[in-house]
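Chemist: After the sequence you'll find the predicted model.
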Amino acid sequence: GAALAQAAPAPAPAVSAPAPVVRRGPRIDALIDVIATLALDARLSGEFIQAHLPTTRRAGTKPFLIEGLNAATAEWEPPAPGQQYRELQAGLQLANRHGALNEIEYSEFVQKLQPFADSVGAAAEFPDMLDVVARAKELDHFAMQHDAQLAVQVAARTAAWSVAYLQQACLKHGFVPGSVPGRLVMPGAEEGAPPVLVLSFDPQAALAEDPNGAMLQVATLSLDIPQTAEADNPFDTWLKAMSTLAVELDAALVDEAGRPVRPEAFEPIKQDLENLYRTLEARDLAAGSAAARRLFS
């Protein structure tokens, strides 16, 4: 018995599975990008591809992305060091809030991508320009019909606020300084998500040397509907924030024309929002999805 016990193999050391790679940043999406294929004769390393990428990945007002088909995982991804790729593709965004992709921008994309293709030994195939521009116009038309941003102005009733006072009051209620001067934002639930709400005010005051000296009379509280998932209840968050800030700052809520408004006055919009959410979902552009965030940017 003892000999048998001795011969039993020692338990293998526990091998922890590698953590799944978390994908950050935008990805090519056939729904909102025109895709050019770059066929390769041989596999290329991520380092080699990265060394030859175009210095700017923008054609006019439209961003473009370059991805590789990972030889090991058969997944499309941004080229990464230590990986081998057997095919490449580039996706140029068809529309954003600057409008539809036009012929000049598409030509610029081709002019930037062709030298890259040549430098890595890829055969580039570009879709027909007229088809692309027609698709871009259609997508842009849809986006314009279904874009929604809600805003209300928070106006000081009596004394103006200093920038420091406004920031202090808002930080208590979940706002943090934005990356742009004159913006306080309520961050989205997931890391890297766009803000749910933005409170914007005079950027000149934000840049003043003395944050206690620069005075403000008004700030705008806005909600960008396509940027946040419906499940996160951004509309209710917006209504609650305007009520809270009105009390906290001793402020009146007014529309763009300066007419007083109450949070309850926005209740009828709920049905319109419901319809908008359903329409975006039907087009595979649900609010808060990566594609919607890119299209409505």
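Modeler: Done, it's in.

Chemist: Report the beta-bridge partner residues of Leu199.
Modeler: Leu184, Leu221 (DSSP bridges).

Chemist: Contacts for the top strand by length along the chain next, please.
Modeler: Identified as the longest strand of the chain according to DSSP state E is strand 33-45. Contacts with strand 33-45, where a contact means C-beta atoms under 8 Å, 6 or more residues apart in numbering, come from 28, 64-65, 68, 71, 81, 83-94, 101, 106, 109-110, 113, 117, 120-127, 132, 135-136. C-betas here are computed from N, CA, C, even on glycine.

Chemist: so what strands line up beside it?
Modeler: strand 84-93 (antiparallel), strand 122-125 (antiparallel).

Chemist: which helices and strands does the next helix or strand after the first one pack with?
Modeler: Read in the C-terminal direction, the helix or strand following strand 84-93 is strand 95-96, with elements assigned using DSSP states H and E. When contacts are defined as 3 or more C-beta pairs under 8 Å, 6 or more residues apart in numbering; DSSP states H and E, strand 95-96 sits against helix 129-145, helix 290-295.

Chemist: Please enumerate residues in contact with strand 95-96?
Modeler: 32, 61-62, 101, 136, 139-140, 143, 294-297.

Chemist: Go again with 7 Å.
Modeler: 61-62, 101, 136, 139-140, 143, 295, 297 (C-beta atoms under 7 Å, 6 or more residues apart in numbering).

Chemist: what comes into contact with the helix or strand following it?
Modeler: Using DSSP H and E, the helix or strand that follows strand 95-96 in sequence is strand 99-100. With contacts defined as C-beta under 7 Å, 6+ apart, strand 99-100 is touched by 136-137, 140.

Chemist: Could you tell me the average pLDDT over the following helix or strand past strand 99-100, please?
Modeler: Note on strand 99-100: by DSSP H and E, the next helix or strand toward the C-terminus is helix 103-120. Across helix 103-120, pLDDT averages out at 98.

Chemist: elements contacting helix 103-120?
Modeler: strand 33-45, helix 46-52, strand 58-59, strand 122-125, helix 129-145 (3 or more C-beta pairs under 7 Å, 6 or more residues apart in numbering; DSSP states H and E).
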